[in-house]
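*Asks:* coordinates only, sequence not included:
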């Protein structure tokens, strides 16, 4: 049985994972959306048709056992998986800036050897987990000050090393991908329960480095909430923090690497908090005719100490597009889960709050096991999880489907979402010459504000798609920051968000980060252009 091979230009593996039926459904949906009869999809790229630039550096003999300049490996590590990344690969066949070598270290000593080689030879070093970045976080830099680029893929650091069932935590290597992590935890009866859309093709180290957000809508939403300690290999040496539930002893050193995106060091291990696997679940879907009342209901739930596992408020147009609704109601997917106790009191109180704000629901669904996977909620869930697999097929047809997400306090939310939607829709019309769509849902909730997630669709001109995408994304990003939100809640910064991140962070703080960079990475080899110039 041969190992599955990742697609070098798209999501998932080389085997065709999108069925003809599934693609047909989306083509019909896109046709209805843009009022066109048919599409003329561009063919997908083939490895044999691409001529790569020759490697600019030679791999030292000592590193050859775990480094390669094989064509496929270099192709796979050219880009992340954003719309513009896919457009460059599929529509332009642009693989003009591949890494010169790809390293697959098996331990920390080999990582140190790679960093030493890069530091002594002016080579940029790009940490790589699952490669699912949608913000230019793993793309080789174009800076001419570097003689070459080495991508450091951590796929061999993929073990759960130790499980502490008493404290409900585990010591795990940074390169493990989501499914493999959960498979290794399963015999213990514990779970990290950190499921995100890119779960299949993203790593623990990547979640930490990008401050990812996972399954839970409340309480355990951010990766920050799961970290007990870290091991990080930097060009200046190893940093290993003490494993503790919490500490008041000065600034937390783990926080330096949360969100660092590979600019200070490579995360090799982490002790993370786990959960017992849930035995009790309750889910339902609540409809609201009035959007502001729906928002008020969700805000009240978020401030009531009920802590639902899922509380996604989906705008009616998105619900209709994904066949979760008929377009008449705003929909709230609401669920609770526990390993310890039945959940009826929590659900009943949440539904009472919804009812107070005009919400209605089907009480029969509350008794169904896994009701969130069936019916309208199941339709939305399936379309959400399959979204990344359809992206390359959308791009091949000139369809841009992308998301921008933020976080904002409750009292500013209504004006915020209006400004972002208006700016995005205006940009789509100006850039493409036709109308598009922009909808919003909540992904995560906090007592002081929601994380709104905007999804937009536009039909572009394939030869100009990269520039059109960037113009629309820039307009949406500018609107989010101007309206007081953050440039990202969980999609990271990468190179794509640097402009707005520089405006969001205090200048003196940026100067402090530069000083840290100088101490930990004096040759400035790690992921240049991310966080710091």
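*Replies:* Arrived safely. This structure is a prediction, so every number in the text was calculated from the model and none was measured.

*Asks:* state the mean pLDDT of the helix or strand harbouring residue 438.
*Replies:* Assessed by DSSP states H and E, residue 438 sits inside strand 437-446. On average, the pLDDT along strand 437-446 is 96.

*Asks:* then stretch 275-282?
*Replies:* According to the model, stretch 275-282 has a mean pLDDT of 96.

*Asks:* can you list contacts of it?
*Replies:* Residues outside stretch 275-282 that contact it (CB atoms under 8 Å, 6 or more residues apart in numbering) are 168, 189-193, 220, 309, 335-344, 346-347, 366, 369-370, 372. Quick note: C-beta positions are derived from backbone N, CA and C, even for glycine.

*Asks:* who does the lowest-mean-pLDDT helix or strand in the chain touch, helix- and strand-wise?
*Replies:* Lowest on mean pLDDT, DSSP states H and E among the helices and strands of the chain sits helix 375-396, with a mean of 80. Counting by 3 or more CB pairs under 8 Å, 6 or more residues apart in numbering; DSSP states H and E, the packing neighbours recorded for helix 375-396 are helix 20-34, helix 83-90, strand 280-288, strand 330-338, strand 399-405.

*Asks:* tell me which of those sits nearest to residue 265.
*Replies:* Closest to residue 265 of the helices and strands packed on helix 375-396, according to CB to CB: helix 83-90, at 25.0 Å.

*Asks:* I'd like the next helix or strand past that closest one.
*Replies:* Using DSSP H and E, the first helix or strand after helix 83-90 is strand 101-103.

*Asks:* which residues are contacting that following strand?
*Replies:* Contact partners of strand 101-103, identified using CB under 8 Å, 6+ apart, comprise 55, 57, 59, 63, 66-70, 73-74, 76-77, 110, 114, 148, 150-153.

*Asks:* 6 Å instead, please
*Replies:* Identification of contacts with strand 101-103 by CB atoms under 6 Å, 6 or more residues apart in numbering yields 59, 67, 68, 69, 73, 77, 114, 150, 151, 152, 153.

*Asks:* equivalent analysis for stretch 321-332, please.
*Replies:* When contacts are defined by CB under 6 Å, 6+ apart, stretch 321-332 is touched by residues 285-288, 291, 294, 313-314, 316, 319-320, 376, 379-380, 383.

*Asks:* quick revisit: could you check the angle the strand holding residue 438 makes with strand 330-338?
*Replies:* Angle, strand 437-446 to strand 330-338, by axes from the mean of the first three to the mean of the last three CA atoms, to 10 degrees: 30 degrees.

*Asks:* check which residues of stretch 38-57 are buried.
*Replies:* 39, 41, 42, 45, 50, 55, 57 (16 or more other CB atoms under 10 Å).

*Asks:* oops, could you answer that again for stretch 186-202 instead?
*Replies:* Using 16+ other CB under 10 Å as the test for burial, stretch 186-202 gives 188, 190-194, 196-202.

*Asks:* the residue in the chain sticking out farthest from the centre and residue 67: what is the separation?
*Replies:* The centre of the chain is farthest from one residue, residue 61, which by CA atoms, centre = their mean lies 36.5 Å away. Applying CB to CB, to the nearest Å, the value for residue 61 to residue 67 is 10 Å.

*Asks:* next helix or strand past the helix or strand where residue 126 lies?
*Replies:* Residue 126 is part of strand 123-128 when elements are defined by DSSP H and E. Once strand 123-128 ends, the next helix or strand along the chain (criterion: DSSP H and E) is strand 148-153.

*Asks:* mind checking how far the spatially closest residue to residue 43 that is not a sequence neighbour is from residue 78?
*Replies:* Counting by CB to CB, 6 or more residues apart in numbering, residue 43 lies nearest to residue 396, which is 7.6 Å off, once chain neighbours are set aside. Distance, residue 396 to residue 78, by CB to CB: 18 Å.

*Asks:* quick one: stretch 287-299 to chain centroid distance?
*Replies:* 27 Å (CA atoms, centre = their mean, to the nearest Å).

*Asks:* which outside residues touch it?
*Replies:* The list of residues contacting stretch 287-299 from outside it, by CB under 6 Å, 6+ apart, reads 313, 329, 330, 331, 353, 354, 357, 358, 359, 360, 410.

*Asks:* next up, phi/psi of the last one, please.
*Replies:* What that stands for is residue 410. Torsion angles at residue 410 (phi, psi; degrees, to the nearest 10) stand at phi -60, psi -40.

*Asks:* quick revisit: of residue 396 and residue 78, which one has the most company?
*Replies:* More crowded of residue 396 and residue 78, by other CB atoms under 10 Å: residue 78, with 24 against 20.

*Asks:* which residues are in contact with the more buried one?
*Replies:* Residue 78 makes contact with 95, 98, according to CB under 6 Å, 6+ apart.

*Asks:* how about residue 442?
*Replies:* Residue 442 sits next to 312, 313, 450 when contact means CB under 6 Å, 6+ apart.

*Asks:* who wins for most neighbours among those?
*Replies:* residue 450 (28 neighbours).

*Asks:* whatever helix or strand it lives in pairs with which strands?
*Replies:* Applying DSSP H and E as the criterion places residue 450 in strand 449-459. When sheet partners are counted by DSSP bridges, strand 449-459 sits next to strand 399-405 (antiparallel), strand 437-446 (antiparallel).

*Asks:* coming back round to it: how much space between the residue nearest to residue 43 and residue 275?
*Replies:* Separation of residue 396 from residue 275 (CB to CB): 40 Å.

*Asks:* quick revisit: pull out the buried members of the contacts of stretch 287-299.
*Replies:* 313, 329, 330, 331, 353, 354, 357, 359, 410.

*Asks:* those: which two are farthest apart?
*Replies:* Distance extremes for the buried ones among the contacts of stretch 287-299: the farthest pair is 329 and 410 at 21.7 Å, using CB to CB.

*Asks:* now stretch 132-151: buried residues?
*Replies:* Neighbour-count burial for stretch 132-151 flags 132-141, 146, 148-151 (criterion: 16+ other CB under 10 Å).

*Asks:* span of it from start to end?
*Replies:* 14 Å (CA to CA, to the nearest Å).

*Asks:* follow-up on the earlier one: please produce CSV containing the buried residues of stretch 38-57, extended by secondary structure.
*Replies:* Below are the buried residues of stretch 38-57 laid out as CSV (DSSP: H, G, I helix; E, B strand; the rest coil):
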residue, secondary structure
39, coil
41, coil
42, coil
45, coil
50, coil
55, coil
57, coil
